[in-house]
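J.: how would this look folded up:
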Amino acid sequence: MKVKVRDVMTRDVITITPDTALKEAAVTMTRHHVSGLPVVEGGRLVGIITEADFVTKLAEDGDGLLSLVFGRRDSEMTGRVSEAMSRGPHTIGPDELATVAARRMAELHVKRLPVVDDAGRLVGVVSRSDLMSIFARPDENIAADVVNDGVVRLLGVAPDGVTVSVDRGVVHLSGTVGSFTEKRMLEEFTRQVAGVVSVESQLEASFDDRRLPPM
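T.: Prediction:
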């Protein structure tokens, strides 16, 4: 079971438009306890506005934004989201693997990625907390995936041919499979199962097909 972004992303996303007032955007972010909002126009993602963008605006505009941030009502923030948002934000597709999303967020040092389809339409947002939910899967569900999808479907081996046990996301494999290639296939498949932290393998191969002469 290779988890895709669509399996863990948040679908009901709070969005704003480029014409939304900056003050309204700030209030929306505070009310919903989020640090960023996708900016959508005609269903398509055109930008994103984050806390960092407001800080930049603060540096440019001075006390007006500062008053809003600290809850003072004696001054008003002016301007529209289009004036402060980041354009061309990093995105990911819904059919990308969750591991790809995690790697991209780590490389970009971001907390979330907008999810867009091939037409550029926003279909969701995937966050660090969404990805963390993968590792909360029960051990018995992980073991079932390894046995049913790996041992039975991938290798065509009887379920009792390989012993699979899982302890807090660590998968232990033992038993004998037909070839060294099958051993490596099952080990690699297991690493891709949602919720797997690591794989400890004592699998043995009846035949070492690495020694076959080249065709």
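
J.: what score does residue 40 have for pLDDT?
T.: On pLDDT, residue 40 comes in at 95.

J.: now stretch 44-54: buried residues?
T.: With burial defined by 16 or more other CB atoms under 10 Å, the residues of stretch 44-54 counted as buried are 45-50, 53-54. Quick note: C-beta positions are derived from backbone N, CA and C, even for glycine.

J.: and residue 162, how many neighbours?
T.: 22 (other CB atoms under 10 Å).

J.: quick one: which helix or strand includes the nearest residue to it once chain neighbours are set aside?
T.: Distances taken as CB to CB, 6 or more residues apart in numbering put residue 175 closest to residue 162, at 4.0 Å, once the chain neighbours are dropped. Secondary structure from DSSP states H and E places residue 175 in strand 170-179.

J.: and that strand, which strands flank it?
T.: Paired strands of strand 170-179, with direction, are strand 162-167 (antiparallel), strand 198-207 (parallel) (DSSP bridges).

J.: CA atoms only: put the shortest one into CSV for me.
T.: When you say that, I think you mean strand 162-167. Taking C-alpha atoms only, strand 162-167 is exported to CSV below (Å, rounded to 0.1, in the frame of the first residue of the first chain):
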residue,chain,number,x,y,z
VAL,A,162,6.8,-15.9,5.4
THR,A,163,6.5,-14.7,9.0
VAL,A,164,5.6,-11.0,9.4
SER,A,165,5.5,-9.3,12.8
VAL,A,166,5.2,-5.6,13.5
ASP,A,167,6.2,-3.7,16.6
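
J.: which one of the buried residues of stretch 44-54 is nearest to residue 188?
T.: residue 45 (34.4 Å; CB to CB).

J.: let me see the contact set for the closest one.
T.: Neighbouring residues of residue 45 by CB atoms under 8 Å, 6 or more residues apart in numbering: 38-39, 89, 91, 114, 116, 120-122.

J.: which one of the residues you listed has the most neighbours?
T.: Busiest of the contacts of residue 45 [other CB under 10 Å] is residue 39, holding 27 neighbours.

J.: surely it and residue 14 touch.
T.: No - at 11.3 Å, residue 39 does not count as touching residue 14 under the criterion of CB atoms under 8 Å.

J.: no further queries at this time; thank you.
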